[in-house]
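Novice: Need coordinates for the below:
(2 chains)
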There are 2 protein chains.
Amino acid sequence: MIFSVFTPKKPFITVPDASEWNHDETAAYLYYCANETVHGIEFPSAPESPHGVPLVADISSNFMSREFDFKNHGVVFGGTQKNLGAAGLTVVFVRRDLIGHEQPITPAVFSYKEMVANNSLYNTPPCGGIYITNLVLKWIKAKGGVPAIAASNKAKSDLIYNMINNSNGFYHCAVDPKYQSRMNIPFRVGGPTGDDNLEAEFLKGAAERNMISLKGHRSVGGIRASLYNAISLEETQILADWMQEFQKLKQN
Amino acid sequence: MIFSVFTPKKPFITVPDASEWNHDETAAYLYYCANETVHGIEFPSAPESPHGVPLVADISSNFMSREFDFKNHGVVFGGTQKNLGAAGLTVVFVRRDLIGHEQPITPAVFSYKEMVANNSLYNTPPCGGIYITNLVLKWIKAKGGVPAIAASNKAKSDLIYNMINNSNGFYHCAVDPKYQSRMNIPFRVGGPTGDDNLEAEFLKGAAERNMISLKGHRSVGGIRASLYNAISLEETQILADWMQEFQKLKQN
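Specialist: Prediction:
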């Protein structure tokens, strides 16, 4: 056993203080998910590495959405389906000295050693996905690179969080402000536990304004606004406008 | 140890008689690759299953190119990149009673049990690849289904093999006729071991006729004509015509 799993208490609305994490002192690494899409929780920066073990980060859902400090990380990986292209491709960064420690039964296609030895072309690569990711990287560069994208994501998420915070409780986001995600904003309509009828009506009006997929994850319900890189500030403004309009409509 | 590996002697030009295979009597399955693209060797039908163990077949490179008998098979899988769409998607058929026997350390995403329990949507699926494969399946249906595709592949490969066989040794394919692949036809130009200059010239003329990727795999050299489903009989005829023209050019 080289790791222990720490599961915080429900409801999942914050990252517990590091002093509460039950680290296994024999653990070889600390794994964390940099942004959690269902509940909308994001690490603003990497956690402390206990006992100096390398960090392993899944950055699938906030890849290239903000600056990322690779310090203390051993492995950083992300699927490209949110911010970097289409589903079906994963980008993996591995610290050189961690290459070559796979188990004897690890399939060759998942061996970092084989992948590096073959210039990431050990198997037939998913060319279509790689092509699209290249286009997205060029698009990010043309936008001003990650700093510009990060500023845009900050402005977009501030717009929605401010709308929630200034709604006198009509909209409610339970997440600890320190860990509120810039990518996924889950919120309820009508109060902390939501009003099913109001939320259905909100979604219907959103769809009429060409905003789809705003329904919260089936495990938590409510509304979830995903503001991945491809969503512009102008598009986010349309959502903010609808939130304001809907609240006025219901409270008059 | 639940399996043993049988590697036939070089050169790889046939499937050795089943009596020569060194089966491990404790083996849980017999794995074979239904079509081997580098040397152009194809099983015309599945091998015998020793001791009644299930067969496991990799059909990546002749998927939907001919009728396939699932009898005695436990697992059949194929990447879609040759005959069924784009690289980055694998279709897996598993016999129901073999589901749920993964090792404790098998990642959930590779667990057949998890995949079946989640209707093949355990993880974010590669939607683009699935969409393209659906289009290709419709195309196969419109062509008359697998029987029609199989007849076309037989006609296409016969055309090239006949050209080789009737060239008085100018073209040479070393593969045992019983196991010659309908998908990949490797051959040499100028004799059994090939003539580098003639082959370079052959490839140059082919490129001028818009036929590319005819160079043999880097590990074996020579020429390799891949006649996957997407290649039509008419297109195959262009290659046959060039083979005939080139031979006349060089022998006059």
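Novice: tell me which residues of stretch A:58-76 are tucked away?
Specialist: Neighbour counts using 16 or more other Cβ atoms under 10 Å in any protein chain shown place A:58-66, A:68, A:72-76 of stretch A:58-76 among the buried residues. (Glycine included, C-beta is placed from N, CA and C.)
Novice: Please flag which of the residues you listed sit within strands.
Specialist: Those of the buried residues of stretch A:58-76 mapping onto strands are A:58, A:73, A:74, A:75, A:76, per DSSP state E.
Novice: in the stretch 1-150 of chain A, which spans are strands?
Specialist: A:30-33, A:35-36, A:41-42, A:55-58, A:73-79, A:90-94 (DSSP state E, counting those that start in this stretch).
Novice: picking that back up, tell me the one of the buried residues of stretch A:58-76 nearest residue B:53?
Specialist: Ranked by distance to residue B:53 (Cβ to Cβ), the buried residues of stretch A:58-76 are led by residue A:75 at 37.4 Å.
Novice: my guess is the closest one contacts residue A:96, does it?
Specialist: No. The criterion here is Cβ atoms under 8 Å, and residue A:75 misses it with residue A:96 at 11.5 Å.
Novice: sorry, back to before: okay if I get the ones in strands among the buried residues of stretch A:58-76 as CSV plus distance to chain B and pLDDT?
Specialist: Shown next, in CSV, are these (distance: Cβ to the nearest Cβ, whole Å; pLDDT from 0 to 100):
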residue, distance to chain B, pLDDT
A:58, 12, 98
A:73, 20, 98
A:74, 18, 97
A:75, 14, 98
A:76, 18, 98
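Novice: Around residue A:5, how many other residues sit close by?
Specialist: Per other Cβ atoms under 10 Å in any protein chain shown, the neighbour tally for residue A:5 reads 7.
Novice: pull the longest helix from chain A.
Specialist: Assignment by DSSP state H gives helix A:145-165 as the longest helix of chain A.
Novice: Please save the CA atoms from it in CSV.
Specialist: This file holds the C-alpha atoms of helix A:145-165, laid out as CSV (Å, rounded to 0.1, in the frame of the first residue of the first chain):
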residue,chain,number,x,y,z
GLY,A,145,-1.4,33.3,-24.3
VAL,A,146,-2.3,31.9,-20.9
PRO,A,147,-2.0,35.2,-19.0
ALA,A,148,-4.7,36.8,-21.3
ILE,A,149,-6.9,33.7,-21.1
ALA,A,150,-6.5,33.7,-17.3
ALA,A,151,-7.5,37.3,-17.0
SER,A,152,-10.6,36.6,-19.2
ASN,A,153,-11.6,33.6,-17.1
LYS,A,154,-11.2,35.7,-13.9
ALA,A,155,-13.5,38.4,-15.4
LYS,A,156,-16.0,35.9,-16.6
SER,A,157,-16.3,34.0,-13.3
ASP,A,158,-16.3,37.3,-11.3
LEU,A,159,-19.3,38.4,-13.4
ILE,A,160,-21.4,35.3,-12.4
TYR,A,161,-20.2,35.1,-8.8
ASN,A,162,-21.0,38.9,-8.3
MET,A,163,-24.4,38.3,-9.8
ILE,A,164,-25.0,35.5,-7.2
ASN,A,165,-23.5,37.5,-4.3
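Novice: For that helix, what does the pLDDT average out to?
Specialist: Helix A:145-165 carries an average pLDDT of 98.
Novice: Give me the residues contacting it.
Specialist: With contact meaning Cβ atoms under 8 Å, 6 or more residues apart in numbering or on different chains, helix A:145-165 is reached by A:64-67, A:140, A:143, A:171-173, A:180-183, A:185, A:187, A:225, A:227, A:229, A:231-233, A:236-237, A:239-240, A:243-244.
Novice: same deal with stretch A:206-217?
Specialist: A:37-38, A:186, A:202-203, A:222-226, A:238-239, A:242.
Novice: Could you rerun that using 10 Å?
Specialist: Residues from elsewhere that reach stretch A:206-217 (Cβ atoms under 10 Å, 6 or more residues apart in numbering or on different chains): A:37-40, A:184, A:186-188, A:194, A:199-200, A:202-203, A:205, A:221-226, A:235, A:238-239, A:241-243, A:245-246.
Novice: Would you mark the buried spots in it?
Specialist: Per 16+ other Cβ under 10 Å, stretch A:206-217 contains these buried residues: A:206, A:214, A:215, A:216.
Novice: Quick check: the last one vs residue A:225, distance?
Specialist: When you say that, I think you mean residue A:216. Look at residue A:216 and residue A:225: by Cβ to Cβ, to the nearest Å, they are 10 Å apart.
Novice: hey, what's in contact with both of the two?
Specialist: In contact with both residue A:216 and residue A:225: A:40, A:184, A:186, A:187, using Cβ under 10 Å, 6+ apart.
Novice: Most neighbours among those, which one is it?
Specialist: residue A:40 (28 neighbours).
Novice: quick one: that one and residue A:187 touch, right?
Specialist: Yes. Counting by Cβ atoms under 10 Å, residue A:40 sits close enough to residue A:187 to count as a contact (8.5 Å).
Novice: Now list whatever residues contact both of those two.
Specialist: A:173, A:174, A:175, A:216, A:224, A:225.
Novice: Next, give me the two most distant ones among these.
Specialist: Among the shared contacts of residue A:40 and residue A:187, A:174 and A:225 lie farthest apart (Cβ to Cβ), at 14.6 Å.
Novice: quick one on the thing from earlier: toward the C-terminus, what is the element adjacent to the longest helix of chain A?
Specialist: Later in the chain than helix A:145-165, the nearest helix or strand by DSSP states H and E is strand A:171-172.
Novice: Name the nearest residue to whichever residue of the stretch 101-250 of chain A sits closest to chain B, sequence neighbours excluded.
Specialist: Using Cβ to the nearest Cβ, the single residue of the stretch 101-250 of chain A nearest to chain B is residue A:126, 2.9 Å away. Counting by Cβ to Cβ, 6 or more residues apart in numbering or on different chains, residue A:126 lies nearest to residue B:88, which is 2.9 Å off, once chain neighbours are set aside.
Novice: pLDDT at that neighbour, what is it?
Specialist: 93.
Novice: what's the overlap in contacts for residue A:75 and residue A:96?
Specialist: By Cβ under 10 Å, 6+ apart, the residues touching both residue A:75 and residue A:96 are residue A:112.
Novice: could you dump the shared contacts of residue A:40 and residue A:187 to a markdown table with pLDDT and secondary structure?
Specialist: Formatted as a markdown table, the shared contacts of residue A:40 and residue A:187 follow (pLDDT from 0 to 100; DSSP: H, G, I helix; E, B strand; the rest coil):
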| residue | pLDDT | secondary structure |
| --- | --- | --- |
| A:173 | 98 | coil |
| A:174 | 96 | coil |
| A:175 | 97 | coil |
| A:216 | 95 | coil |
| A:224 | 98 | strand |
| A:225 | 98 | strand |
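Novice: who wins for neighbours among those residues?
Specialist: Going by other Cβ under 10 Å, residue A:225 tops the shared contacts of residue A:40 and residue A:187 with 26 neighbours.
Novice: Contacts only, for residue A:195.
Specialist: Neighbours of residue A:195 in contact, by Cβ under 10 Å, 6+ apart: A:170, A:188, A:189, A:201, A:202, A:250.
Novice: Torsion angles phi and psi at it?
Specialist: phi -120, psi 110 (degrees, to the nearest 10).
Novice: how close does it sit to residue A:216?
Specialist: From residue A:195 to residue A:216 the distance is 13 Å (Cβ to Cβ).
Novice: cool, and residue A:192?
Specialist: 14 Å.
Novice: try residue A:143
Specialist: Taking Cβ to Cβ, one finds residue A:143 at 29 Å from residue A:216.
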